[in-house]
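[1] Provide a 3D model corresponding to the input given below.
(chains A and B)
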Number of protein chains: 2
Amino acid sequence: MDVSVSEDGGILTLATQQNTIRFHAIWLRDNSPDPDTKSSGNGQRLIALRDIPKDIRISNVQADGGSLDITFAPEEKTASFDLGWLVENAYDIGSNQGNGWLSDEVTKWDSTLQSSVPSAKLSDLAQRGDIYSDWIEKIARYGFGKVEGGPVSEGALFDVVDLFGFVRETNYGKLFEVRTEVNPTNLAFTGLGLQAHTDNPYRDPVPTIQVLYCLESSAAGGENMVVDGFACALRLKEESPEHFDVLSEYCARFEYAGEDGVCLTSKRPLIELAPDGELIGVRFNNRSLSAVTDVPFENMGLWYEAYRRLGEIIDDPAMEVVFRLEPGEAFIVDNTRVLHARKAYSGTGKRWLQGCYADKDGLLSTRNALRRKAGKGAK
Amino acid sequence: MDVSVSEDGGILTLATQQNTIRFHAIWLRDNSPDPDTKSSGNGQRLIALRDIPKDIRISNVQADGGSLDITFAPEEKTASFDLGWLVENAYDIGSNQGNGWLSDEVTKWDSTLQSSVPSAKLSDLAQRGDIYSDWIEKIARYGFGKVEGGPVSEGALFDVVDLFGFVRETNYGKLFEVRTEVNPTNLAFTGLGLQAHTDNPYRDPVPTIQVLYCLESSAAGGENMVVDGFACALRLKEESPEHFDVLSEYCARFEYAGEDGVCLTSKRPLIELAPDGELIGVRFNNRSLSAVTDVPFENMGLWYEAYRRLGEIIDDPAMEVVFRLEPGEAFIVDNTRVLHARKAYSGTGKRWLQGCYADKDGLLSTRNALRRKAGKGAK
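    Next up is the predicted model:
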């Protein structure tokens, strides 16, 4: 590897046979791994950018095996950078992936996932061994999975949440009951089928995880199904980029005001992209979409066309995984991505689920920590 | 008012002396207020877009006082729309506000807010009367406020959260203690001053509300200060639009891995815009910013320039409100917007705060519901 520094000390260049990567002096100094910059205990940065001189520059570099000792002026501070770390964190990679790209931590899926739904027994998961690590990885990757063989007892869904995170309490309580009621105030409690949807898009931040746990299921029908919203959005994009674009470029509005003292509203797009175009969220819920007023007149026709087509893709059986939850079974969805639905069920017999919300930060943190422990490193 | 329908039945036009607003037939039908479309109980939509014919059109319109009776073909369905509602929800308004605009529900502020910090006694707030409504409105508008005269007892911060929402439990617990410790694993627990920051930017979704409640404060120094991140971002934009743009167009990365089993990571911009350019979030935390790798080499120098300048603006005393929390007092910040900091304090005496996270959905829902109750309508 060739190591060189620009004349003004502003840029470090590492040239290998494969490629050339450059780093700014300020970036290197801000990410310096020395114990005065980063806490050796928890990795937190001990200085602020204001503590780094504006005219920071590289005055010397010395290769030392797998490390680079870089000296910064005017501080005359030397820190040792791991070469592997530099290559891993290189930003001089000139990629522009356009809109709608997926993180390599995510795999999109359709109905062919039916035969390999991530699933494990609650007792096995509770061991926190390989089955657990594998299940956590898959829940994160597919945004969906099942738990089997749990107790048929109220509140058992919290045992599922305990596997990776914390309940997000809302106005619906720590948990909510899903069963037939005579005077439903919420459509989720009737016997009708529901179109696949994400929950609570009228909430910002939206609950990023949902758990639904079955306690009773003697009614015919009422199967659950799930659909990968990312796969649907990308199919829409493939069919018609302008449909994908219009749903990501304009915000929809959602509202729920079904209880006294509650009036939840949000303004977010159906398809959410990060500033760099990464596909990071889907919101879809016909029941709580309120009047969409942020799409200009000129684009409203196209927006509705795209919304209709996205709904058709979501309804396509080729996209859905269908399963029946038995008592003591639960499913988990990434509610920023995976839509869930219930098919209609008959009036005879009963169906009783308990549901709750949680957040993805705990799930992904658990995954990352398990990887680090296994020596695989967090991404 | 002149009411007309396009020849193909696709567009309704309302013309007043002031302006002309148009609505698409599909938009009107989807938002039809009739009880078969929208639940009269909770306002949820009872149909999906798939239930509306693709060739929906307006076959007749009849003005009837403050209402418009619109008949849709081919359904031959007539629904009565409130004219005021239509004007309020008009989307044919041709506005393009560019990047960095603020909702009219938000007022930015600087150090001049010092003399009028939204503040109320806990006992008054608990009455849920006008003082409470006014305080909720202001917390939502300024993203910051105080509570005074609360009990000096552990867990009293939950009484503050109960005023508007629910605690977001995290790996730090339902609440966390902030006091001097000998071997801190987190900088928040030392006696050092901290640069103004938002909390937990490494968490996604970030906790959108933070409450800090004082139980003991006998140490000299240790004042709290808050800074409006929106005001800082907009000052940056005014000084240099390209600085504002580069911080909103590229993602930063944040990380916290200070405890066993925890490795929280996120990828979000320092300045977050909605797809329509609305300024909706600021993340700023020197301690947990990890290596920024999503900014291309060509823009990394500019990104660091902008990050530095944003930090300087945040540090400018002209932007900050400083106050001292006494035992039984608390402050609340909108953690998507308002940065908070602590000045250094001396080693003699003690300082003990309890903190917790909550979410804005409950705060804004409470505000909207109070408005509706008062007949002012939610926005």
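[2] Give me the neighbour count for the residue of the stretch 151-300 of chain A found nearest chain B.
    Closest to chain B within the stretch 151-300 of chain A is A:Gly258: 3.0 Å, counting by C-beta to the nearest C-beta. To be clear about C-beta, it is placed using only N, CA and C from the backbone, and glycine gets the same treatment. By other C-beta atoms under 10 Å in any protein chain shown, the residues close to A:Gly258 number 19.
[3] With adjacent residues omitted, what lies nearest to it?
    Closest residue to A:Gly258 apart from its sequence neighbours, by C-beta to C-beta, 6 or more residues apart in numbering or on different chains: B:Asn42 at 3.0 Å.
[4] which SSE is the one you found in?
    If you go by DSSP states H and E, B:Asn42 is not part of any helix or strand.
[5] Hmm, the residue of the stretch 151-300 of chain A closest to chain B is touching B:Ser40, no?
    No. Contact criterion C-beta atoms under 8 Å: A:Gly258 and B:Ser40 do not qualify, at 11.3 Å.
[6] Can you get me the start-to-end distance on stretch A:271-281?
    6 Å (C-alpha to C-alpha, to the nearest Å).
[7] Tell me the buried residues in that stretch?
    Across stretch A:271-281, burial judged by 16 or more other C-beta atoms under 10 Å in any protein chain shown covers A:271-276, A:278-281.
[8] would you turn these into CSV with distance to B:Leu83, pLDDT and secondary structure?
    Rendered in CSV, the data for the buried residues of stretch A:271-281 read as follows (distance: C-beta to C-beta, whole Å; pLDDT from 0 to 100; DSSP: H, G, I helix; E, B strand; the rest coil):
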residue, distance to B:Leu83, pLDDT, secondary structure
A:Ile271, 33, 98, strand
A:Glu272, 34, 98, strand
A:Leu273, 37, 98, strand
A:Ala274, 40, 97, coil
A:Pro275, 40, 96, coil
A:Asp276, 44, 94, coil
A:Glu278, 43, 97, strand
A:Leu279, 40, 98, strand
A:Ile280, 39, 98, strand
A:Gly281, 35, 98, strand
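[9] so where do the helices sit in chain A?
    A:25-30, A:83-88, A:122-125, A:130-142, A:157-161, A:229-239, A:241-249, A:297-315, A:360-373 (DSSP state H).
[10] follow-up on the earlier one: please tell me how far the residue nearest to A:Gly258 sits from B:Pro35.
    Counting by C-beta to C-beta, to the nearest Å, the gap from B:Asn42 to B:Pro35 is 12 Å.
[11] just A:Asp30 next, same as before
    Applying C-beta to C-beta to A:Asp30 and B:Pro35 gives a distance of 60 Å.
[12] ok, back up a step: specify which residue of B:Asn42 and B:Pro35 has the higher count of neighbours.
    B:Asn42 (17 against 11).
[13] Next up, phi/psi of the more buried one, please.
    Backbone torsions of B:Asn42, given as degrees, to the nearest 10, read phi -120, psi 0.
[14] so it makes contact with A:Val262?
    No. With contact defined as C-beta under 8 Å, B:Asn42 and A:Val262 do not form a contacting pair (9.7 Å).
[15] Now list whatever residues contact both of the two.
    By the contact definition C-beta atoms under 8 Å, 6 or more residues apart in numbering or on different chains, B:Asn42 and A:Val262 are jointly contacted by A:Tyr256.
[16] Pull up the residues of the stretch 1-150 of chain A that are close to chain B.
    Contact residues, the stretch 1-150 of chain A versus chain B (C-beta under 8 Å from any C-beta of the partner chain): A:10, A:22, A:24, A:26-27, A:30-31, A:39, A:41-50, A:54, A:89-94, A:96.
[17] ok, 7 Å please
    A:22, A:24, A:26-27, A:31, A:41-45, A:48-50, A:89, A:91-92, A:94 (C-beta under 7 Å from any C-beta of the partner chain).
[18] okay, now A:Glu76: neighbour count?
    9.
[19] Name the nearest residue to it, sequence neighbours excluded.
    That would be A:Ser59: by C-beta to C-beta, 6+ apart, it lies 7.5 Å from A:Glu76.
[20] again with A:Gly150
    Per C-beta to C-beta, 6+ apart, closest to A:Gly150 is A:Leu122, 4.1 Å.
[21] I'd assumed A:Ser153 was in contact with that neighbour.
    No. In this structure, A:Leu122 is not within contact of A:Ser153 by C-beta atoms under 7 Å, at 11.6 Å.
[22] Cheers, nothing more for now.
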